[in-house]
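> below is the structure, and that's it, no one-letter string:
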Ligand code: APR
Ligand code: PHB
């Protein structure tokens, strides 16, 4: 088999890249290790920056998102039992859309079917070859047969646990990371959201987040200890803890409902540099992870592939290698600013188990500042709705 771009991974990054390339007349093949139902049902975060919404619109795959997604014009920051609104349109002229990542993946896959874009599921033993040459290739097993995909370029969109990043020779990449001393316990509940703004709450007992997926499904998170077992959290314990942490002096609280999904996610910040080696270009979770507090993971993956599609298009249409050569440097400017924002939101809102009373008072001052100064609120809002995607 031969194609122009071999894409490893059918998450948001890999699928979006396949569509962006198709729009520019560039062929690709996507290789995915999981089966399609797994990929379509994997529950992840769900806030789309306006730039991500515009990308889906540009591709003509935004209909379901416009129908089912919830446009949010702000968020609320809570502390000392009071919620404070950060209004995005007033501060930035932009908004975000709450729409589950797996819904985005479903929409991209349905459109790939329609457009005849090749996506192969259940692929195993994916191995990269010839990254330092002009003719790299990917070998794999599919339905019991050995496959070989010859390509001009390989896009490593295979997430944090993928094989593309580890395929780069030792000594080429440098990793920067931070593991946080807490995790998130997340639930989905069949309960109507009790208001339409997300609430990020700093409480004495730790962080809590009120979010949603639809007019009938509420998404909630609690800061918990690392390594904590979900078995220790009965539904009653989860609701009690949520009510305690989210308690507000105006009486607002989340509605309770049947819990349909629960899980614990560790928190980390992680960046690998550079994001390219030879003819391999890495994008999304394959090269960077952000803690979920800023809702940036999927958006950052999408902005990487937007840059990559443009760079590949300049190469295939006019033979220009300049943007490809600068791919990593271009993306990393946005990646690091987004890392900073996600780290900042995380440290402002969580209770550090080793923190002191000084840290706590500093956090309260920071929240007071962000919710009372237009300058500080604007800085939060412009990061939350999404920094511009840079092309140089
Ligand atoms: N071969 C083929 N596919 C692979 C391999 C492999 N060896 N290893 C992993 N994959 C697939 C995974 O099964 C997954 O479907 O690559 C895909 C990577 O997708 P994501 O993990 O969703 O990563 P990405 O597309 O970069 O999107 C980032 O995902 O983790 C969230 O919060 C994160 O929202 C962010 C988004
Ligand atoms: C979610 O709805 O899953 C969600 C929302 C906002 C975040 C993280 C997760 O910051």
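Arrived safely. Nothing here was measured: the structure is a model prediction, and the numbers come from that model. Ligands and ions are numbered 1, 2, ... in the order given.
> how about residue 201, nearest residue that isn't a chain neighbour?
If the residues on either side of it in the chain are set aside, residue 201 comes closest to residue 78, at 3.8 Å by C-beta to C-beta, 6 or more residues apart in numbering. Where C-beta positions appear, they are placed from N, C-alpha and C, glycine not excepted.
> wait, the one you found touches residue 249, no?
No. Contact criterion C-beta atoms under 8 Å: residue 78 and residue 249 do not qualify, at 10.5 Å.
> and what about the residue nearest to residue 201, helix, strand or coil?
Here residue 78 is recorded as strand under DSSP: H, G, I helix; E, B strand; the rest coil.
> report the contact partners of the residue lying closest to residue 178 once chain neighbours are set aside.
Closest residue to residue 178 apart from its sequence neighbours, by C-beta to C-beta, 6+ apart: residue 269 at 4.5 Å. Neighbouring residues of residue 269 by C-beta atoms under 8 Å, 6 or more residues apart in numbering: 177, 178, 180, 289, 290, 291, 339, 342, 343.
> for residue 269, give its distance to ligand 1.
In this view, residue 269 and ligand 1 are 12 Å apart by C-beta to the nearest ligand atom, to the nearest Å.
> also residue 282?
The gap separating residue 282 from ligand 1 is 9 Å, by C-beta to the nearest ligand atom.
> on that earlier part again, for the residue nearest to residue 178, helix, strand, or coil?
Reduced to three states with three-state DSSP, the structure at residue 269 is strand.
> and it, how far is that from ligand 2?
14 Å.
> gap between that residue and residue 358?
According to C-beta to C-beta, to the nearest Å, residue 269 and residue 358 sit 23 Å apart.
> now residue 305
Separation of residue 305 from residue 358 (C-beta to C-beta): 42 Å.
> who's more crowded, these two?
Each of residue 305 and residue 358 has its neighbours counted (other C-beta atoms under 10 Å); residue 305 has more, 28 against 8.
> for that one, phi and psi?
Per-residue torsions, residue 305: phi -70, psi -20 (degrees, to the nearest 10).
> from memory it sits against residue 20, does it?
Yes. If you go by C-beta under 8 Å, residue 305 and residue 20 touch, sitting 6.3 Å apart.
> identify the bridge partners of residue 30.
residue 7, residue 119 (DSSP bridges).
> contact partners for it?
For residue 30, the contact set (C-beta under 8 Å, 6+ apart) comprises 7, 8, 9, 10, 14, 15, 18, 112, 117, 118, 119, 120.
> just residue 268 next, same as before
177, 178, 179, 180, 289, 291.
> out of those residues, who has the most neighbours?
For these, counting by other C-beta under 10 Å, the largest number of neighbours falls to residue 291: 26 neighbours.
> so what's it up against?
Here residue 291 is in contact with 180, 267, 268, 269, 342, 343, 345, 346 (C-beta under 8 Å, 6+ apart).
> what is the burial count for whichever residue of the stretch 51-200 of the chain sits closest to ligand 2?
Going by C-beta to the nearest ligand atom, ligand 2 is nearest to residue 198 of the stretch 51-200 of the chain, at 5.7 Å. By other C-beta under 10 Å, the residues close to residue 198 number 22.
> distance check, it against ligand 1.
Here residue 198 is placed at a distance of 16 Å from ligand 1 (C-beta to the nearest ligand atom).
> any idea what that residue is bridged to?
Residue 198 has the following beta-bridge partners by DSSP bridges: residue 75.
> do I have it right that it meets residue 208?
No. Using C-beta under 8 Å, residue 198 is not in contact with residue 208; the gap is 11.3 Å.
> count the residues that sit near the closest residue to residue 274 other than its chain neighbours.
The spatially closest residue to residue 274, leaving aside those adjacent along the chain, is residue 328, at 3.8 Å (C-beta to C-beta, 6+ apart). For residue 328, the neighbour count with other C-beta under 10 Å is 20.
> ok, residue 328 touching residue 280?
No. Here residue 328 does not reach residue 280: they are 11.1 Å apart, not a contact under C-beta under 8 Å.
> got the residues of the stretch 201-350 of the chain near ligand 1?
Applying C-beta under 6 Å from any ligand atom, we find that the stretch 201-350 of the chain lies next to ligand 1 at 284, 285, 286, 297, 298, 301.
> okay, the last one and residue 351: tell me how far apart.
Meaning residue 301. According to C-beta to C-beta, residue 301 stands 29 Å off from residue 351.
> more neighbours: which of these two?
residue 301 (27 against 17).
> which stretches of the stretch 101-250 of the chain form strands?
Remark: strands assigned in the stretch 101-250 of the chain by DSSP state E, counting those that start in this stretch are 119-120, 124-129, 137-142, 145-150, 153-156, 174-190, 198-203, 206-214, 217-224.
> kindly compare burial across these and name the winner.
Neighbour counts (mean count of other C-beta atoms under 10 Å) averaged over each of those peak at strand 153-156, with a mean of 28.
> quick check: residues of the stretch 51-200 of the chain near ligand 1?
101, 123, 126, 157, 158, 159, 161, 162, 163.
> Throw those into TSV and include distance to residue 24, thanks.
Formatted as TSV, those follow (distance: C-beta to C-beta, whole Å):
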residue	distance to residue 24
101	24
123	25
126	25
157	17
158	22
159	24
161	30
162	25
163	27
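> those, buried ones only, as a ChimeraX selection?
Buried members of those, identified by 16 or more other C-beta atoms under 10 Å, are gathered into one ChimeraX selection as follows:
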select :101,123,126,157,158,159,162,163
